[in-house]
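J.: Sequence plus predicted model, see below.
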Protein chains: 2
Amino acid sequence: MADAYTDLMAFSRETQALAAIAGRLEWDQETMMPRGAAAQRAEESAALEAVLHARRTDPRMADWIAAAETNSTDNVAKAQLRHIRRGFERASKVPAALASELARVTSAAQGVWAEARANDDFAAFAPTLERVIALRREEGAALAAGGDVYDALLSDYEPGTTGAELEAMFGALRPELRALRAAALEAASPAQVQGRFDPDAQMKLTLKLAEAFGYDMQRGRVDKAVHPFSSGSGLDVRITTRTSANDPFNCIYSTIHEVGHACYEQNIDDAYLLTPLGSGVSMGVHESQSRIYENQLGRSRAFTAWLFGEMRDAFGDFGIPDEDAFYATVNRVNNGFIRTESDELQYNLHVLLRFDLERALIAGDLTVRDLEAAWNDRFLADFGFAVDKPSNGVLQDVHWSVGLFGYFPTYSLGNVYAGCLHEALRRAVPDLDTQLGQGDTRTATRWLKDNVQCHGGLYEPRDLIERATGAAPTEGPLLAYLKDKFSRIYAL
Amino acid sequence: MADAYTDLMAFSRETQALAAIAGRLEWDQETMMPRGAAAQRAEESAALEAVLHARRTDPRMADWIAAAETNSTDNVAKAQLRHIRRGFERASKVPAALASELARVTSAAQGVWAEARANDDFAAFAPTLERVIALRREEGAALAAGGDVYDALLSDYEPGTTGAELEAMFGALRPELRALRAAALEAASPAQVQGRFDPDAQMKLTLKLAEAFGYDMQRGRVDKAVHPFSSGSGLDVRITTRTSANDPFNCIYSTIHEVGHACYEQNIDDAYLLTPLGSGVSMGVHESQSRIYENQLGRSRAFTAWLFGEMRDAFGDFGIPDEDAFYATVNRVNNGFIRTESDELQYNLHVLLRFDLERALIAGDLTVRDLEAAWNDRFLADFGFAVDKPSNGVLQDVHWSVGLFGYFPTYSLGNVYAGCLHEALRRAVPDLDTQLGQGDTRTATRWLKDNVQCHGGLYEPRDLIERATGAAPTEGPLLAYLKDKFSRIYAL
């Protein structure tokens, strides 16, 4: 019966390779594809998805899995089988007609959402969103098999976590973040950068930063795209970034963020290439890597001191007199409506809002008809000022239009994990700031590689964090870090 | 039984879409892929090839085809079925083990060839080439089923043509080309361009040329690559080019050539998208389009007059005084060893040499042991000077290493077709030179679109040319064109 495992892994490896191709097509679509190719690409992607679906539900899988599970004893094989079983069961539980209807509806819904956002017209999007939610609830019910529907959706992105656990964790964060935010906004505001920042010089600096954080350009590449993202696993992990002539931090911190995602994928043990263990284990752990690169390392007092020098070299004087002022500028807290533009302190308030609303939507406790008002009420409560238009509120994110329910909370969970990992990293590397002050992230990223990234999907997310830090993950370290950091910057 | 045709076309459409993805991966590999990704990409491509092979030999195909053939009467359906049957029979006749051995051996052989060429060491490549030829002969025998083995290989690239037909056609060309070549080389040689040509300015000019020839950038893009090529069909047809600071014509005419290939694919009737009729019908017809764009249009007296002005605008003075001198420079004939660098007049002599040698290799009349000497003897006979080293002779082309036997003659066949089409085009558009003199190719390319390109795979190659020109294709028009052109330029 060792043969069953061998056969299963060979079959799975081909499926992984085909899935990697699907990912590459998505990258191409966002970076290189001519605009007029969209209709043809849709057919190409659908054909590949059909092949993948057939493989993921191949009837031989059930026998292979059962036989292999009986005889596999080592941890790696057990972990591979855990992932394979999960994927097979997930694919098999959802009726094919529902899966294809979901693909069809969410594909069209993104366009409807984009137009509604452009016109600030939530009512134009509401019927489509209702349809998406109905289909996802149906899918969640099929997956949950009597259990909690939201938890079933959540487990696609963060296996081993429940909505109730997140509710408790986020509930502890929310009042503290609100208080900290209010205090910072009452204090004197740091200066902003001034002048024009040449996009080519930004890209040059950003490539230097990518290398400084350990991104391997021999197995990756950096392109511009409308939305920064990381794409791929193993030997081919590509990132995108963007430039804004007035705001160099957009490019710099988008890049460092995506480098965090990309390094996670690049640093997984080569032995797991094109196997279920060969990708990041969950969205939350993924986000912990992008966030710790971007924030705890990239926005630290020590690293920004080095970055200040680099930026002066690249752009000359940009109106910030010294390292302390620059550190405050980089971490400036200001009022704004948009999640993706928000600072490290307020970001989680945005996510918590979405988590509560989407959970209520999936539970049936909130209707789409009442969603816009619920969003605006909650925003006012947390941020202290009113949403002025839907594009600054309920219509700002693409996620729900494409059916991503259960995804938002992984952003904050990633921040929580990053807090835990950062605390452990500081313990393990007492002179970290000395290194970061020289733009040297090698010890820090090496620690993350050895303790988190190299394992790929070997451990479940919470186990992985606990192994790395010595304790079960809680919101405590993140909160302590944010309080300490922003109290110093704002002299609270 | 109409259902059989519908089912077959739906199945075929998905296969086409997957094949388009495979093409896109090849494009990515030559333009964008990080170097370190090669091993992973090889697995991805192999997985996709396995899916394609399974679909192309799917047992249901035989029944669908038989049932559909019984009931399909219209020309389009008949043509679709002709292509589908040909593809199915081709895929089914070759044993899977042989196909995968061929893929393995030719994949490795390319590296062996490249190293042998770098070291000018034919002996190092000979055993590998012997293996490739043995496998291709085996494959050809399986396909020929008792018929001519070379013809069976040829029909992959140029269905409906035989080696004997080409031999007769090329036999008529060869003495005339040799005589014309010798005469041109005895006459006074035109001047060459001088100075450095900024690569960015070359790319800017080349984009203008691509648009001038009707390439639709909304459904395509231009990148740099080591070797210029065109990739894709339908709504996504991309080309590559290259720049050389001393030789602007490399970039200009590579681009126009690839635009010819790309426009053929872009201009096929939309109704054939992702069907067997939705691609160029043969390599010969494809080459006829690239060559007529590049040579009969792009290197004409009228068009080069316009180009001369464009180049003066882009690069200033480059040592050529006027349009007449520029026309002669663009069409300069000079001694050289390399096919891809040769002019319009000598190019076919290169191809004819390869055709005769590869046909003898496949027939078993020539051994690899004797190949280098045979090449050198023939080269001396046609070109009047001796090959100095294998990289300038038998090792110069990649084709044979990757198993491309039967491909070379389609280059000259394409030139022959281009000669026929050009003659017909001149008849149809008497004031063509007036238009070309203004850089306006619209009438010419529209004629090619309506008479050749739009049909895709609807007609067999020779039928297509006969429909477009009113006569069966012969070498006569090409020869008349070359004699007229080079007699004028060289005052023969």
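T.: That came in fine, so what should we check first?
J.: If you count neighbours, what's buried in the helix or strand where A:Ser45 lies?
T.: Assigned by DSSP states H and E, A:Ser45 belongs to helix A:38-56. Burial within helix A:38-56, assessed by neighbour count using 16 or more other CB atoms under 10 Å in any protein chain shown, is assigned to A:40-41, A:43-49, A:51-53, A:55-56. C-betas here are computed from N, CA, C, even on glycine.
J.: Also stretch A:66-74?
T.: Those would be A:67-69, A:72, for stretch A:66-74 by 16+ other CB under 10 Å.
J.: Over to stretch A:236-247?
T.: Result for stretch A:236-247 [16+ other CB under 10 Å]: buried residues A:236-243.
J.: could you dump those to CSV with pLDDT, secondary structure and distance to B:Ala262?
T.: Listed next are these as CSV, based on pLDDT from 0 to 100; DSSP: H, G, I helix; E, B strand; the rest coil; distance: CB to CB, whole Å:
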residue, pLDDT, secondary structure, distance to B:Ala262
A:Asp236, 97, coil, 26
A:Val237, 98, coil, 30
A:Arg238, 98, strand, 25
A:Ile239, 98, strand, 30
A:Thr240, 97, strand, 26
A:Thr241, 97, strand, 30
A:Arg242, 96, coil, 29
A:Thr243, 96, coil, 31
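J.: Flag every residue of the stretch 251-400 of chain A that's near chain B.
T.: With CB under 8 Å from any CB of the partner chain as the criterion, the stretch 251-400 of chain A meets chain B at residues A:273-274.
J.: Run through the helices of the stretch 251-400 of chain A in chain order.
T.: For the stretch 251-400 of chain A, applying DSSP state H, counting those that start in this stretch gives helices covering A:283-291, A:301-315, A:323-330, A:347-363, A:371-383.
J.: tell me, what residue is most central in chain A?
T.: The residue lying closest to the centre of chain A (CA atoms, centre = their mean) is A:Glu287, at 4.4 Å.
J.: Just to check, A:Ala19 is in contact with A:Leu52?
T.: Yes: the pair A:Ala19 and A:Leu52 qualifies as a contact (CB atoms under 8 Å) at a distance of 6.1 Å.
J.: Check the contact between A:Tyr5 and A:Asn71; I expect there is one.
T.: Yes: judged on CB under 8 Å, A:Tyr5 makes contact with A:Asn71 at a distance of 7.0 Å.
J.: Now for A:Gly364, how many residues are close by?
T.: Applying other CB atoms under 10 Å in any protein chain shown, we find 10 other residues in the vicinity of A:Gly364.
J.: how about the residues of the stretch 51-200 of chain A near chain B?
T.: So the stretch 51-200 of chain A meets chain B at A:Val51 (CB under 8 Å from any CB).
J.: For chain B, give me its nearest residue in the stretch 51-200 of chain A.
T.: A:Val51 (5.7 Å; CB to the nearest CB).
J.: From A:Val351, how far off is the closest residue to A:Pro461 other than its chain neighbours?
T.: Using CB to CB, 6 or more residues apart in numbering or on different chains and skipping residues adjacent in sequence, the residue nearest A:Pro461 is A:Ser282, 4.4 Å away. Separation of A:Ser282 from A:Val351 (CB to CB, to the nearest Å): 16 Å.
J.: if we can go back for a sec, now the element after the helix holding A:Ser45, going C-ward?
T.: helix A:60-71.
J.: now the residue nearest to the centre of chain A, nearest residue through space, not along the chain?
T.: Nearest one to A:Glu287, counting by CB to CB, 6+ apart, is A:Gly414 at 2.4 Å.
J.: can you check A:Glu310 too?
T.: Per CB to CB, 6+ apart, closest to A:Glu310 is A:Leu205, 6.2 Å.
J.: how close does A:Val416 get to chain B?
T.: As judged by CB to the nearest CB, to the nearest Å, A:Val416 and chain B stand 33 Å apart.
J.: again but with A:His422, I slipped
T.: 30 Å.
J.: What about that residue, how many residues nearby?
T.: 24.
J.: How about the contacts made by the residue in the stretch 251-400 of chain A that chain B sits nearest to?
T.: Closest residue of the stretch 251-400 of chain A to chain B, CB to the nearest CB: A:Leu274 (6.2 Å). Residues near A:Leu274 by CB atoms under 8 Å, 6 or more residues apart in numbering or on different chains: A:13, A:16-17, A:20, A:234, B:40, B:43.
J.: export the residues you listed to TSV and tack on distance to A:Arg86?
T.: Output for those, formatted as TSV (distance: CB to CB, whole Å):
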residue	distance to A:Arg86
A:Arg13	17
A:Gln16	14
A:Ala17	19
A:Ala20	19
A:Gly234	20
B:Gln40	24
B:Glu43	23
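J.: between these, which has the most around it?
T.: A:Gly234 (25 neighbours).
J.: Am I right that that one is in contact with A:Gly278?
T.: Yes: between A:Gly234 and A:Gly278 there is a contact at 5.9 Å, judged by CB under 8 Å.
J.: shared neighbours of the two, anything?
T.: A:Ile268.
J.: Could you list the low-confidence segments of the stretch 301-450 of chain A?
T.: Of all residues in the stretch 301-450 of chain A, none has pLDDT under 70.
J.: Just want the angle from the helix holding A:Ser45 to helix A:60-71.
T.: Put simply, helix A:38-56 runs at 50 degrees to helix A:60-71, going by axes from the mean of the first three to the mean of the last three CA atoms, to 10 degrees.
J.: For helix A:38-56, the averaged confidence score.
T.: Mean pLDDT, helix A:38-56: 94.
J.: what does it contact?
T.: A:11, A:14-15, A:18-19, A:21-22, A:25-26, A:29, A:33, A:87-88, A:91, A:96, A:99, A:103, A:107, B:13-15, B:17-18, B:20-21, B:24, B:51, B:234-236, B:273-274.
J.: rerun at 7 Å
T.: The contact list for helix A:38-56, computed with CB atoms under 7 Å, 6 or more residues apart in numbering or on different chains, reads A:15, A:18-19, A:21-22, A:25, A:29, A:33, A:87-88, A:91, A:99, B:14, B:17-18, B:20-21, B:51, B:234-236, B:273-274.
J.: For the longest helix seen in chain A, name the packing helices and strands.
T.: Assignment by DSSP state H gives helix A:2-31 as the longest helix of chain A. Judged by 3 or more CB pairs under 7 Å, 6 or more residues apart in numbering or on different chains; DSSP states H and E, helix A:2-31 is in contact with helix A:38-56, helix A:60-71, helix A:75-93, strand A:230-231, strand A:238-241, helix B:2-31, helix B:38-56.
J.: Kindly reformat those as JSON lines containing distance to A:Thr340.
T.: Output for those, formatted as JSON lines (distance: least, CB to CB, whole Å):
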{"stretch": "helix A:38-56", "distance to A:Thr340": "24"}
{"stretch": "helix A:60-71", "distance to A:Thr340": "39"}
{"stretch": "helix A:75-93", "distance to A:Thr340": "29"}
{"stretch": "strand A:230-231", "distance to A:Thr340": "15"}
{"stretch": "strand A:238-241", "distance to A:Thr340": "14"}
{"stretch": "helix B:2-31", "distance to A:Thr340": "29"}
{"stretch": "helix B:38-56", "distance to A:Thr340": "31"}
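J.: Which positions within the helix or strand where A:Arg137 lies qualify as buried?
T.: In this assignment (DSSP H and E), A:Arg137 forms part of helix A:122-144. Buried positions in helix A:122-144, judged by neighbour count with 16+ other CB under 10 Å: A:122, A:124-126, A:128-129, A:131-133, A:135-140, A:142-144.
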